[in-house]
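# Mind folding the following:
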Amino acid sequence: MRVITFEEPGRVRVGLESPAELEPGCVRVRTIYSGVSAGTELTAYRGTNPYLTRKWDAEQRLFLEGQTHAYPLTGWGYQEVGEVVEAAPDVADPPVGHLVWGIWGHRAEAVVPAEKLVGHVLPPGADPLGGVFARVGAIALNAVHAADVHLGDQIAIFGQGVIGLLATRLAVLSGARVVAADAIPARLELSRQYGAAETFDITGGSVAEFIRKRIEGADTAIELSGSHLGLHEAIRSVRRGGRVVAGGFYQGDGIGLRLGEEFHHNQVQLVSSQIGGVASWLSQRWDVERLQRTFMDLVHAGEIDVLDLVSHVMPVGDAPGAFDLLDKHPSDVLQLVFSFEDAPIEGSPKDEDSPKKESL
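Below is the predicted model:
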C-alpha cells in the first residue's frame, strides 16, 4: 500500500507498506483523500520541527535535550477521508461501506479503532473532499474559543491561510466583527466572502496602525500566520488589556517579537492555542472530539463552504513535487489534498489526467 515518507529534510518518497492485521474493535479504512496541513508538515519537510532536535517529556511537559522523532518519518498527516471496507466481528459502527473522516496519515489504507470513528460518518450526498477539513476546522474553532469571543467584539485575524480563513468564518458566526490581514489578495477576497468586515494587505503598511485608526484597537487578535513578526503586530493591534491568541506554529527564535513595547505597556494578555487541548476554562465542557464534530456539523449545515479552499488535488504519487511546491511557492497553494484513488505506485507512469485544481 502506498505511504508517504519524509526520508530527510527536503526529500519525500512514496513507498509501499504491508496491510495491517484487522484486530478486534477495529475497522479497515481505504483512503480516498488525505489533506496536507502545510504549517505542521513543512516543519518535517524542512527539518525545523522541535521534535526532531528536542525531546518532549510528557510528564514534565518540557522539551529537554535529546530527540523525540527521527527520520525517516512515515505516514504523517491528520486529515483523512476513506471508506470502511472491513470491520472486525465485534464492530457494528461505523458500518462497512460508509465514508468516514479521521486521522490515520498519508497512507492508502489503515486499521483504525472503531471507537475513534464513531460520529465521523459523512452524511449521504456529502462531498468526501470536505471531510479533510475536520481537524484544521477544529484548530480554527479552538483558537476562536480561546479568544473568548463576545457578540460585537472587534477581532483582528492575522494570516488567511486555510486555518485563518476558517477562523474568520467561525468568528463571524460567533458575532464578531473581523478585520482579516494577509499579504495575498486572493486570500483577502476569500476573507470577505467568509464575512470579514474589512481586510488589510500587510504589504501596504502596519495592520496595527490601520486598526487603531479605524476602530481604536481590536478587542482580541488571533495570530495564525506562524510568523513572529505577525505575532508582534497582533500584540500592537489590541486595546489596553486586550487578548492575543497565538495559534501559529512558530519556528526558531522569536526574531522581531519585542515584548518590552506594546505587550508590556498595554498589559496585553497572550494566550496559546494548540489542538492538543482546549482552553483551560472550557475543559469541563469541551474536548477536541467535540470541536471536530461541531465544525463538521457546521460544514454539513451549509454554514461553512470548505470546498472553495481546495486549490490542489494531486495523486499521492506526486507527493515529492507537492511538498516542493508548498516549500518554494506557498502563496500559490491554499489547501492541497492527496488523492489515493487510482494513484500510481512509485516507479510507474504518473496519471497526467488526475484532477488538479488551479492554485488561487
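# contacts and neighbour counts: CA atoms only from here.
OK.
# what's in contact with the helix or strand bottoming out on mean pLDDT in the chain?
Scoring the helices and strands of the chain by mean pLDDT, DSSP states H and E places helix 207-215 at the bottom, with a mean of 91. The contact list for helix 207-215 (Cα atoms under 8 Å, 6 or more residues apart in numbering) reads Q154, A181, F200, G217, A218, E233, A234, R236, S237, V238.
# Of all the residues in that helix, which ones are buried?
V207, A208, I211 (16 or more other Cα atoms under 10 Å).
# Mind checking the pLDDT average for stretch 15-27?
Taken as a whole, stretch 15-27 carries a mean pLDDT of 95.
# Which residue ranges make up the domains of the chain?
With domains defined by automatic domain parsing, the chain comprises 2-135+294-339, 149-278.
# Show me the one of these that comes nearest W286.
Of all the domains of the chain, it is domain 149-278 that lies closest to W286, at 6.8 Å by Cα to Cα.
# First-to-last residue distance for that closest one?
Using Cα to Cα, to the nearest Å, one end of domain 149-278 lies 15 Å from the other.
# could we number from 887 for the rest of this?
Renumbered: residue one is now 887, and that last one reads domain 1035-1164.
# Buried residues, stretch 969-989. List them.
In terms of neighbour count (16+ other Cα under 10 Å), stretch 969-989 has its buried residues at 969-970, 972-973, 977, 979-982, 984-989.
# Which members of these are the farthest-apart pair?
With Cα to Cα as the measure, no two of the buried residues of stretch 969-989 lie farther apart than V977 and I989, at 18.8 Å.
# about what we covered before: if we only consider the buried residues of helix 1093-1101, which is nearest to G1112?
Distances from G1112 to those, taken by Cα to Cα, are shortest for V1093, at 16.1 Å.
# In which helix or strand does the residue nearest to the spatial centre of the chain reside?
When Cα atoms, centre = their mean is applied to the chain, the residue found nearest the centroid is V1022 (3.4 Å). Using DSSP states H and E, the element containing V1022 is helix 1020-1032.
# which residues are in contact with that helix?
Under Cα under 8 Å, 6+ apart, the answer for helix 1020-1032 is 923, 964-965, 987-988, 1048-1050, 1052-1053, 1056-1057, 1108, 1131, 1133, 1157, 1159-1161, 1164-1165, 1174, 1177-1179, 1181-1182.
# ok, now stretch 1208-1223?
Outside stretch 1208-1223, the residues that reach it (Cα under 8 Å, 6+ apart) are 896, 898, 919-924, 928, 931, 1047-1048, 1070, 1195-1200, 1245-1246.
# Thank you, goodbye.
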